[in-house]
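**Student:** Show me the folded form of this:
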Amino acid sequence: MTIDSHTHVFPEHVAERAMESLSARYGARPVGRASPSGLLEHMDACGVERAVLAPVATRPGQVASINAWLAEIRSDRLVPLGALHPHLPDPANEIQRLLDAGFRGVKLHCHFQGFAMDDPALDRLLELVGDQLVVLMHCGDEIAPLEHVEPTPPRILAMHQRHPEVQLILAHLGGYQEWDEAEALLCGRDVYLDISYVFGHCSDEQVKRMVRAHGADRIIWGSDFPWQSECDALAGLDRLGLSPAERQAVLCGNARRVLGL
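**Tutor:** Next up is the predicted model:
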């Protein structure tokens, strides 16, 4: 089985408008329609069986409606993480609702959600999450970054050390465009690293070196659809020359274990 552990979709009626806005911000073109049906079409074209959806609630008031929508579209092939926001007035209740609804993890993105890595509200949220939910965290640079919220590898490491009980999946090999620091500070730590949107941006040599240093049993494959083709992300993985057992672990085994799929 192949599981894409890092994808983004929007409701069908807003997907086109959302991607126009994000494309203008990023200066990048999506590789497919960022809706549930568009993702499924792309998965079929690239031979991907399941995808993990990584939602981002840009405002606290969006959290409940996003999670309700995700619960509606969940299927055998589309497995959503939940949405949370550090500035929710009552995050404990939303965490419990996610658990009751069967969600296994959440996505946080400090750039879009406007929180700093040392924000007391983030610490409070992670204390409440504990070991109950996996946290997928955007790491590294961002288009039009906000310096005070930048999730650099040193800040990510400090957060991890404050909350070692939280199972973290650090996106983009621990720090998009900050891979030297990520390699020095995060490889070997008790975290998972996903390799979404790294191929073609980080050298294959460094990706392979970091996978070896961290251990293939703690690397999770993903594409960051719609910003990278799953076909290209699979081709990048094949260039690493992993053993069949390592490749299978990265493609599905590790995601199945950590997310209980």
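
**Student:** for this structure, what spans make up the helices?
**Tutor:** When assigned using DSSP state H, the helices of the chain occupy the ranges 15-26, 36-46, 63-73, 91-100, 110-113, 120-129, 153-162, 179-185, 204-214, 230-239, 244-248, 254-259.

**Student:** and of these, who's closest to residue 56?
**Tutor:** With CB to CB, the closest approach to residue 56 among these belongs to helix 110-113: 5.0 Å. Just so you know, the C-beta spots here come from the backbone N, C-alpha and C atoms, and that holds for glycine as well.

**Student:** which residues touch the closest one?
**Tutor:** 56-58, 85-87, 116-117, 122, 138, 142, 145-146, 149-151 (CB atoms under 8 Å, 6 or more residues apart in numbering).

**Student:** Out of the helices of the chain, name the one with the poorest average pLDDT.
**Tutor:** Across the helices of the chain, helix 15-26 has the smallest mean pLDDT, namely a mean of 72.

**Student:** Please report how far the nearest residue to residue 66 once chain neighbours are set aside lies from residue 53.
**Tutor:** Leaving out its chain neighbours, the residue that sits closest to residue 66 by CB to CB, 6 or more residues apart in numbering is residue 83, at 4.3 Å. Relative to residue 53, residue 83 is positioned 10 Å away (CB to CB, to the nearest Å).

**Student:** do the same with residue 33
**Tutor:** Plainly put, residue 33 is 14 Å away from residue 53 if you go by CB to CB.

**Student:** neighbour-wise, which of those two wins?
**Tutor:** residue 53 (22 against 18; other CB atoms under 10 Å).

**Student:** dump the residue contacts of the more buried one.
**Tutor:** 7, 8, 9, 70, 78, 79, 80, 81.

**Student:** what sits opposite it in the beta ladder?
**Tutor:** Assessed by DSSP bridges, residue 53 has beta-bridge partners residue 7, residue 80.

**Student:** got a pLDDT number for it?
**Tutor:** Looking at residue 53, the pLDDT reads 98.

**Student:** same question, the one 3 residues further on
**Tutor:** At residue 56, the model reports a pLDDT of 93.

**Student:** State the distance from residue 10 to residue 242.
**Tutor:** Where residue 242 is concerned, residue 10 sits at a distance of 33 Å (CB to CB).
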